[in-house]
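Undergrad: just need the structure, nothing else, for what follows:
(one chain, ligands or ions: 1)
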Amino acid sequence: MTLSAAGWAQVQSVGVAGDGEFTRITITSESPMRPDIFLRDTEEAGLVIEMVPADFRLTHAPFFAEPTGGISAYVLETDRIVFELDRPMMVMREIDLPPSGTERLYRYILDLSGVSEARFQSAARRDAQRFARFEAERYARAEADLLNPPVLAETEPAMADLPESPSSKPAGFGALINMAARQRRVIVIDPGHGGRDPGALAVIGGKESEIVLKTSLKLKDMIEQDPRYVVRLTRETDVYVEHEDRVTKARNWGADLFISVHADAAGAPTVKGASVYTLSTRGEARIEGTAKKFGWNLPIEDGTSEEVSDILQDLTVRETKSNSAIFAEFLVPELGQAGPLLRNTHRRQNLFVLLAPDVPAVLIEIGFLTNKDDAKRLKTERGRRKSAAAIKRAIDAYFDRQDLLIATN
Ligand SMILES: [Zn+2]
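TA: Residues are numbered from 1 along each chain as shown. You can find the predicted model right below:
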């Protein structure tokens, strides 16, 4: 296959901002780009993030922002950009944004997060094989192109025709400030029951309180592998925690998401499958009174009129409700990957632990302890891992969506 110049994304600018804990690289180009990214520990430059395009190139000098936020230098080549790092960082997400509003360029965003040297090295070892394969293929293609040169489109802009730097600032900086200020997302996992309250009993033996604690701990491990999140558990041992304390803890920790983990029970032993609960309309009517009773106050400035604070309260509750529902909708298909689903998987109920006015919250019933297959699934390491991985994928989808909303606003 031959590529014409029109198929290449012309890079216009490269921007970097952040503090090394969280750093964002934003690249603007005239057409969409999807480069391959490799973490490498190189002899010449130490730790680097190498961006090897299959589909972009630098036909003129793009506008480069000063290196910062853990990036000590850029090395430009005609077909790649190498970001030299002064500390280990990993890619936590890529975002592609098409032109929108006043932004006429495509934006390719790479979010990096500070990690330990060991984590970087293990990722770099994985990437080394991929990189070798990639380079070998490119080399083979280049050889073929020599025999059969690509046709360059006549419209390829000459260097002199292009402005030295685009008038638009690299995008994503507003979003970055938001995200850097927020730091990591706090996920609160609430293993149901505990202590004097064992919850449901499994037909094959075992208590809900123990089973959901194990799943919660597995989920915690999994989420903690990801530098984007901080995880807290409302209980880590077999103790009873009052419902209001579970919510109070979550709010005091600044929870961005609250996930209560339970397992179900039914009269009929054939009933099985996971389900997800968010607050019902009846529950919503309880929020105001409950929040007042337990002091779950919103950070509204002193001196704000009652009318205005009522409106703010309303807006917050509404946003929390819609975010809970969105997360629940992300959860359903993922839980379906981990096991059977109960019909009408996303349900609504008046549940106390979902009453925080300002923390999106769901309660997951990971399966039925009264069903033999489900009980086995929930009690095995493999089953636990599958449920936890499903929840983790939904968490990622939920926050990716939020970041996208922030980045496009
Ligand atoms: Zn329960």
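
Undergrad: in stretch 247-266, what's buried?
TA: 247-251, 253, 255-265 (16 or more other Cβ atoms under 10 Å). C-beta here means a position set from N, CA and C on the backbone, and glycine is covered the same way.

Undergrad: so for it, mean pLDDT?
TA: Regarding stretch 247-266, the rounded mean pLDDT is 95.

Undergrad: only C-alpha atoms, please: export that stretch in PDB.
TA: Written as PDB, here are the backbone C-alpha positions of stretch 247-266 (Å, rounded to 0.1, in the frame of the first residue of the first chain):
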ATOM      1  CA  VAL A 247     -22.100   7.500  53.900                       C
ATOM      2  CA  THR A 248     -20.500   9.900  56.300                       C
ATOM      3  CA  LYS A 249     -17.100   8.300  55.700                       C
ATOM      4  CA  ALA A 250     -17.500   8.400  52.000                       C
ATOM      5  CA  ARG A 251     -18.300  12.100  52.100                       C
ATOM      6  CA  ASN A 252     -15.500  12.900  54.500                       C
ATOM      7  CA  TRP A 253     -13.100  11.100  52.100                       C
ATOM      8  CA  GLY A 254     -14.300  13.300  49.300                       C
ATOM      9  CA  ALA A 255     -15.700  10.300  47.400                       C
ATOM     10  CA  ASP A 256     -16.200  10.700  43.600                       C
ATOM     11  CA  LEU A 257     -18.100   7.400  43.500                       C
ATOM     12  CA  PHE A 258     -19.600   5.200  46.100                       C
ATOM     13  CA  ILE A 259     -20.100   1.500  45.300                       C
ATOM     14  CA  SER A 260     -21.900  -0.700  47.800                       C
ATOM     15  CA  VAL A 261     -21.300  -4.400  47.200                       C
ATOM     16  CA  HIS A 262     -23.900  -7.000  48.200                       C
ATOM     17  CA  ALA A 263     -25.100 -10.500  47.200                       C
ATOM     18  CA  ASP A 264     -28.700 -11.300  46.800                       C
ATOM     19  CA  ALA A 265     -31.100 -14.000  48.200                       C
ATOM     20  CA  ALA A 266     -34.400 -15.200  46.800                       C
END
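
Undergrad: check the offset of it from the chain's centre.
TA: Centroid separation for stretch 247-266 versus its chain: 19 Å, with Cα atoms, centre = their mean, to the nearest Å.

Undergrad: now swap in stretch 380-389 and tell me
TA: 20 Å.

Undergrad: also stretch 327-341?
TA: Worked out by Cα atoms, centre = their mean, stretch 327-341 lies 17 Å from the chain centre.

Undergrad: in that stretch, what's buried?
TA: In stretch 327-341, counting by 16+ other Cβ under 10 Å, buried: 327-332, 334-335, 338-339, 341.

Undergrad: ok, residues contacting that stretch?
TA: 257, 272-278, 345-346, 360, 362, 364, 366-367, 373-374, 377, 383, 386-387, 389-391, 393-395, 397-398, 401 (Cβ atoms under 8 Å, 6 or more residues apart in numbering).

Undergrad: where does the stretch 51-200 of the chain dip in pLDDT?
TA: 53-65, 78, 145-183 (pLDDT under 70).

Undergrad: which residues of it fall in helices?
TA: Along the stretch 51-200 of the chain, counting by DSSP state H, counting those that start in this stretch, helices occupy 117-147, 173-182.

Undergrad: show the contacting residues for residue 90.
TA: Counted by Cβ under 8 Å, 6+ apart, residue 90 has contacts 39, 112-113, 115, 119-120, 123, 227.

Undergrad: will you turn those residues into a markdown table that also has distance to residue 28?
TA: Shown next, in a markdown table, are the contacts of residue 90 (distance: Cβ to Cβ, whole Å):
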| residue | distance to residue 28 |
| --- | --- |
| 39 | 23 |
| 112 | 18 |
| 113 | 22 |
| 115 | 27 |
| 119 | 30 |
| 120 | 27 |
| 123 | 27 |
| 227 | 26 |
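
Undergrad: where's the residue in the chain positioned nearest to the ion relative to residue 319, distance?
TA: At 3.4 Å from the ion, residue 262 is the closest residue in the chain, using Cβ to the ion. Counting by Cβ to Cβ, to the nearest Å, the separation of residue 262 from residue 319 is 25 Å.

Undergrad: what of residue 110?
TA: 29 Å.

Undergrad: neighbour count winner among the two?
TA: Set residue 110 next to residue 319 and count neighbours by other Cβ atoms under 10 Å: residue 110 wins out with 21 against 12.

Undergrad: and the closest residue in space to that one that isn't next to it in sequence, what are its bridge partners?
TA: Closest residue in space to residue 110, ignoring its immediate chain neighbours: residue 25 at 4.4 Å, by Cβ to Cβ, 6 or more residues apart in numbering. Under DSSP bridges, the beta-bridge partners of residue 25 are residue 16, residue 110.

Undergrad: could you report the neighbour count for residue 25?
TA: Neighbours of residue 25 using other Cβ under 10 Å come to 26.

Undergrad: before we move on, what about the one 4 residues further on?
TA: The number of residues packed near residue 29 is 22, by other Cβ under 10 Å.

Undergrad: hang on, isn't it packed against residue 105?
TA: Yes. The criterion here is Cβ atoms under 8 Å, and residue 29 meets it with residue 105 at 6.3 Å.

Undergrad: and for the two, which residues touch both?
TA: residue 12.

Undergrad: so what would you say the end-to-end distance of stretch 373-384 is?
TA: 13 Å (Cα to Cα, to the nearest Å).

Undergrad: who touches it?
TA: 202-204, 206, 211, 214-215, 218, 263, 272-273, 338-340, 366-369, 386-387.

Undergrad: what do you get for stretch 216-225?
TA: By Cβ under 8 Å, 6+ apart, stretch 216-225 touches 187, 189-191, 229, 231, 233, 236, 259, 261, 384-385, 387-389, 391-392, 395.
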